[in-house]
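Participant: Fold the following, please.
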Amino acid sequence: MPASPMESRMARLEGTYEQVSQRLMNIDPRFDGIDRKVDLRFDALDKTIEALDSKFDQRFNTVDQRFNTVDQRFMWAIGIFITAWGTTIASIFLHR
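Facilitator: The predicted structure follows:
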């Protein structure tokens with residue numbers, strides 16, 4: 001008779017282990033689904049960031065072109081100013 005209580009305890013433990021095993025097997029597909037969802041979200045986020053990055057690059061290129069135009073016009077204005085100033089000074093000195 002002493003083996004009977006041990007067998008019932010072992011059977012109970014085996015049943016508990018079986019339940020734990022089944023629950024763990026049910027959890028694995030859930031984690032796979034969550035993993036896929038997270039991957040899809042990160043892929044969508046990457047695409048959004050790349051689209052914004054290309055828009056910013058276009059804007060910065062446009063701004064750079066405008067600054068280059070302003071720089072070019074400023075250099076022309078400086079050149080004309082220096083030339084006019086130089087001819088004025090030369091005419092004052094060479095007037096006599």
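Participant: residues contacting the most centrally placed residue in the chain?
Facilitator: Nearest to the mean C-alpha position of the chain, by CA atoms, centre = their mean, lies I49 at 4.7 Å. Under the criterion of CB atoms under 8 Å, 6 or more residues apart in numbering, the contact list for I49 is empty. Bear in mind the C-beta positions are built from the backbone N, C-alpha and C, glycine included.
Participant: So for it, what's the pLDDT?
Facilitator: Per-residue pLDDT puts I49 at 94.
Participant: sec struct for it, please.
Facilitator: Put simply, I49 is helix when judged by DSSP: H, G, I helix; E, B strand; the rest coil.
Participant: ok, it to R9 distance?
Facilitator: Taking CB to CB, to the nearest Å as the measure, I49 falls 58 Å from R9.
Participant: Same check on D35?
Facilitator: 39 Å.
Participant: for T69, same thing?
Facilitator: T69 is 89 Å from R9, by CB to CB.
Participant: what does P29 give?
Facilitator: From P29 to R9 the distance is 32 Å (CB to CB).
Participant: got it, and S21?
Facilitator: Separation of S21 from R9 (CB to CB): 19 Å.
Participant: Same check on N26?
Facilitator: For N26 relative to R9 (CB to CB), the value is 26 Å.
Participant: How about D53?
Facilitator: From D53 to R9 the distance is 64 Å (CB to CB).
Participant: Ok, T62 next?
Facilitator: T62 is 79 Å from R9, by CB to CB.
Participant: can you check A90 too?
Facilitator: 116 Å.
Participant: do the same with S54
Facilitator: Taking CB to CB, one finds S54 at 67 Å from R9.
Participant: Look at V20 and give its secondary structure.
Facilitator: Classified using three-state DSSP, V20 is helix.
Participant: Next, count neighbours for it.
Facilitator: 10 (other CB atoms under 10 Å).
Participant: and it, what pLDDT?
Facilitator: Per the predicted model, pLDDT is 86 at V20.
Participant: All set, thanks.
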